[in-house]
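J.: Quick one, fold the following:
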Amino acid sequence: MSNITLGRYVPYDSFIHKMDPRNKIFCLIALMVAVFISYSTWELTFIIGGILALFVFALLLISHISFKQLFGSLRALWFVVLFLLIINCLIPPINATAVAFSIGTFNIYWDAILQSLKIVLRLVLMVSLSMILTATTKPLELTYALEWYLTPLKVIKFPAHEVAMTISIALRFIPTILGEVERIMKAQSSRGVDFKHGKISSRFRAIISLIIPLFISAFQRSEELADAMEARGYDPKQKRTRYRVLSFHISDIFVFLLCGGIMAGAVTLSSMKLTLLTPTFLPWLILVSLLLTVYCLLLGVVESRLTK
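T.: I've put the predicted structure just below:
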């Protein structure tokens, strides 16, 4: 669990680290829309998903997040992926007709397999984008950005600052709780508790021996955090000042337009019901891919000149 990056800030001097946190949240939402939107055919779904996967993996490399860390964060999702695969195979889509293979008298359809692969791709991209946000943004900056987005709700007396602070603390404590789980598992294993072998009843008792100390430790940490914040004079109802004022830069505008364009293109493809057989689809796809490549190169040139 030490390789899990989700929720853990990793300090680097990369281009994404320097971006405005408000812009990062917008780009995360825009790319999430492009990832989770539905397209007219399976071919188009996986082509767009593959392009988005290459783009997201490039962002992972820029953010100095290794694929080993990504797979470590995805380790907890394998059970969910396997469960979804079984459910999709047992309950195939209504319009499924093409049979991939048969197990006795039970048929496994291609639509069920493709549906499972689409879900896996979406989960991987969702976790990757979340890792990029949390690994390149300090928790305090993330709090400022969330509060900025929630500012209009203050008109109706919505506790924007309290909600933003709660979300930020929750994200911050994800790696802390995971580290605590690993520490408790090692301590219980040294006392003879086996988490990997044995009957279901014995493994269930082993999990209980892990959950109870984890809850006690989490409550103790929350109490210590509350005492520390009170000792420093924290009052969520008082007007707060900012040591660092957030501001957009030229590079933020470039990235804002890029992610907004990706979201707009995905929504357009979905709403117009385009397919690979559409005469103008492939030329437009090649043109957009070339423009995206040139755009990223220009973005790198602009960023390198700004940092000199």
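
J.: so how far is residue 207 from residue 82?
T.: 19 Å (CB to CB, to the nearest Å). In this view, the C-beta of every residue, glycine as well, is placed from N, C-alpha and C.

J.: Just the C-alpha atoms of stretch 177-190, please, in CSV.
T.: Listed next in CSV are the C-alpha coordinates belonging to stretch 177-190 (Å, rounded to 0.1, in the frame of the first residue of the first chain):
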residue,chain,number,x,y,z
ILE,A,177,-5.3,5.6,6.5
LEU,A,178,-3.8,3.2,4.0
GLY,A,179,-0.5,3.4,5.8
GLU,A,180,-2.3,2.7,9.1
VAL,A,181,-4.0,-0.3,7.5
GLU,A,182,-0.6,-1.7,6.4
ARG,A,183,0.9,-1.1,9.9
ILE,A,184,-2.0,-2.8,11.7
MET,A,185,-1.9,-5.8,9.2
LYS,A,186,1.8,-6.3,10.0
ALA,A,187,1.2,-6.1,13.7
GLN,A,188,-1.7,-8.5,13.6
SER,A,189,0.2,-10.9,11.3
SER,A,190,3.1,-11.0,13.9
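
J.: buried residues in it?
T.: For stretch 177-190, a neighbour-count test (16 or more other CB atoms under 10 Å) marks 177, 178, 180, 181, 184, 185, 188 as buried.

J.: And stretch 122-134, by the same measure?
T.: 123, 124, 125, 126, 127, 128, 129, 130, 131, 132, 133, 134.

J.: residues touching the third one, list them.
T.: Looking back up the chat, that one is residue 125. 31, 35, 49, 52, 53, 56 (CB atoms under 8 Å, 6 or more residues apart in numbering).

J.: Among those residues, which ones are in strands?
T.: If you go by DSSP state E, the contacts of residue 125 have nothing in strands.

J.: List buried residues within those residues.
T.: If we count by 16+ other CB under 10 Å, the contacts of residue 125 have these buried: 31, 35, 49, 52, 53, 56.

J.: so who does the third one touch?
T.: Residues touching residue 49, when contacts are defined by CB under 8 Å, 6+ apart, comprise 35, 118, 121, 122, 125.

J.: cool, the fifth one as well?
T.: Shown in contact with residue 53 (CB under 8 Å, 6+ apart): 121, 124, 125.
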